[in-house]
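Following is a predicted model, sequence given first.
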Amino acid sequence: MSTAVDSSEDTMYRGMICAWLLCPMVVVGCFDAGGSPASNCVVDPNLQCGGGFDGFDCPSGRPDENAVFGKGSIQGIVCTDLGQVRGDGTTSYCCTSATTTCGYDPSAGCPSPSHGYACMAPDRPETFDPTLYCGTGAKVNGQTVFCCGATSTAPCSRNSSVQCVPGNVGFECNGTDIPNQSEQGTNQSRSDATLICDIPAPMGNGLLGYCCYTPSPTPIGSTCLQDQAVSACPTGSFGFACTGPDTPEEDYPRMACNGSNGSNGSNGSNGSNRSGLRGLNQQGISASLYCCQYSKQP
C-alpha cells in the first residue's frame, strides 16, 4: 500500500522522489507538491459534475494520480471514473475541486472496476465524493486503505421496503454480500464500524433483504462475531459464533440469545442462553454458536 517513503524525522514526499528520479525520463503521471490533477488530463466544463467538482478527460492515466503521501499526511483529490463518455478514446472523471486528506493508491490491489484510495483517519473517500461506493477500510501504517467504485457497483443498498424493527435499517443485496457502512447512502453518516445484520429473507430476483444496526464498540478481547452460517437460525434472527467464554449479549448489549438450536446450553437468570451450542464458525474454528434477537433496550 502507499505509505510515507521514509520514517526519518524529515518528511519525504513521493513528489520529491518523482522530481529527482523519474521526471527527467517520464513526464506523464509525475507527482507535484500540491496533489493537483495530472498534466495529461484536460478540464472538460461540459461534464455535469456538480458544485465542488471539476470534470476531466484523460487519454491515459487518471486526474488523481498526483497524490502526495507524507509522514502523517495525505494530499490528493478524489475522483469518480465516468468511463469513455465522449467517444474519442479518453476517459472522463468528476473530481473534487479542493485537495482532500485522501489520495489515489494504485498499489492497493483492488479488483477491477474498483480503485484504491488511502486516507488519513477518520476520513473516507466518500466523505469528499458521495457518488463513490467504498468497502470497509483496512488500516495499514497509520492510514486506511479503501477499494472504491461508482455507487452502481455496490452489492447492497438501503431499502425502506424491507420490514425491520425500530432501530434497524433495511438493505437489499445481490448474492451473498452482507451490507456495510459504505452502503448507508449518500446522505447518511458512514464509518468503518461493522454493521450487525440478521439472517436475510429472499426478496425475489435474486435479492436478499437484511435488517442491520450499528453496535456500540465491543469490549477489548471480545470473541463473538456475527456468523450468517449458524445452522437453524431462523430468518430475521442474528447468528453469532464465539471462540471465547464471552457471549453475544455481553459483547452486543441489544442482543437476546439462545443456542443455535434454541434449546442447548444453560440458561441465565433472564432466560437467555449462556453457553450456546458447540460447533464450528465460518472459518472452521471451534466456537459457541448462538441465535439472537434484537432487543430495543440494551
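Great, that's in hand. Numbering: from 1, shown residues only.

Next, the buried residues of the helix or strand harbouring residue 80.
Here residue 80, judged by DSSP states H and E, is contained in strand 79-83. Neighbour counts using 16 or more other Cβ atoms under 10 Å place 79-82 of strand 79-83 among the buried residues. To be clear about C-beta, it is placed using only N, CA and C from the backbone, and glycine gets the same treatment.

quick one: low-confidence ranges for the stretch 101-250 of the chain?
The stretch 101-250 of the chain contains residues with pLDDT under 70 at 151-154, 181-194.

Where do the helices of the stretch 101-250 of the chain begin and end?
Along the stretch 101-250 of the chain, counting by DSSP state H, counting those that start in this stretch, helices occupy 125-128, 248-251.

Quick one: residues in contact with the strand holding residue 80.
For strand 79-83, the surrounding residues in contact (Cβ atoms under 8 Å, 6 or more residues apart in numbering) are 47, 56, 62-64, 91-96, 104, 113, 115, 129, 131-132, 149-150.

Show me the domain layout of this protein.
Per automatic domain parsing, the domain ranges recorded for the chain read 14-153, 156-213, 224-294.

which of the contacts of strand 79-83 count as buried?
Among the contacts of strand 79-83, the ones that count as buried by 16+ other Cβ under 10 Å are 47, 56, 62-64, 91-96, 104, 115, 129, 131-132, 149.

Residue 278 - that's part of a strand, no?
Yes. Residue 278 sits within a strand when classified using DSSP: H, G, I helix; E, B strand; the rest coil.

Can you name the residues that contact the nearest residue in space to it that is not next to it in sequence?
Leaving aside its chain neighbours, residue 278 sits nearest to residue 288 (6.2 Å; criterion: Cβ to Cβ, 6 or more residues apart in numbering). Residue 288 is in contact with 241-243, 247, 259, 265, 275-279, counting by Cβ under 8 Å, 6+ apart.

And the residues you listed, which is closest to residue 141?
Nearest to residue 141, judged by Cβ to Cβ, of the contacts of residue 288 is residue 243 at 28.0 Å.

Give me the neighbour count for that closest one.
Neighbour count for residue 243, taken as other Cβ atoms under 10 Å: 14.

Hmm, residue 280 and it touching each other?
No. Using Cβ atoms under 8 Å, residue 243 makes no contact with residue 280, being 10.2 Å away.

Now do the shared contacts for these two.
Common neighbours of residue 243 and residue 280 (Cβ under 8 Å, 6+ apart) are 286-287.

Contacts only, for residue 85.
Contacts of residue 85 by Cβ under 8 Å, 6+ apart are 47, 92.

and it, that's in a helix?
No. Looking at residue 85 with three-state DSSP, it is coil, so not inside a helix.

Show me the strands in the stretch 1-150 of the chain, by range?
For the stretch 1-150 of the chain, the strands defined by DSSP state E, counting those that start in this stretch occupy 42-43, 53-58, 68-70, 73-75, 79-83, 91-96, 102-104, 115-119, 132-134, 138-140, 143-150.

which helices and strands sit right next to the last one?
Contacts of strand 143-150 with other secondary structure elements, assessed using 3 or more Cβ pairs under 8 Å, 6 or more residues apart in numbering; DSSP states H and E, are made with strand 79-83, strand 115-119, helix 125-128, strand 132-134, strand 138-140.

and the first one with strand 115-119, angle?
With axes from the mean of the first three to the mean of the last three Cα atoms, to 10 degrees applied, the angle from strand 79-83 to strand 115-119 works out at 170 degrees.

Can you dump the C-alpha atoms of strand 79-83 in CSV for me?
Included here for strand 79-83 are C-alpha records, laid out as CSV according to Å, rounded to 0.1, in the frame of the first residue of the first chain:
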residue,chain,number,x,y,z
CYS,A,79,-12.4,11.2,-8.5
THR,A,80,-15.3,9.1,-9.9
ASP,A,81,-14.5,7.3,-13.1
LEU,A,82,-17.3,8.1,-15.6
GLY,A,83,-15.9,5.8,-18.4
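
Could you tell me the angle between it and strand 143-150?
30 degrees.

Listing partners with orientation, what would you give for strand 79-83?
With DSSP bridges as the test, strand 79-83 is paired with strand 91-96 (antiparallel).
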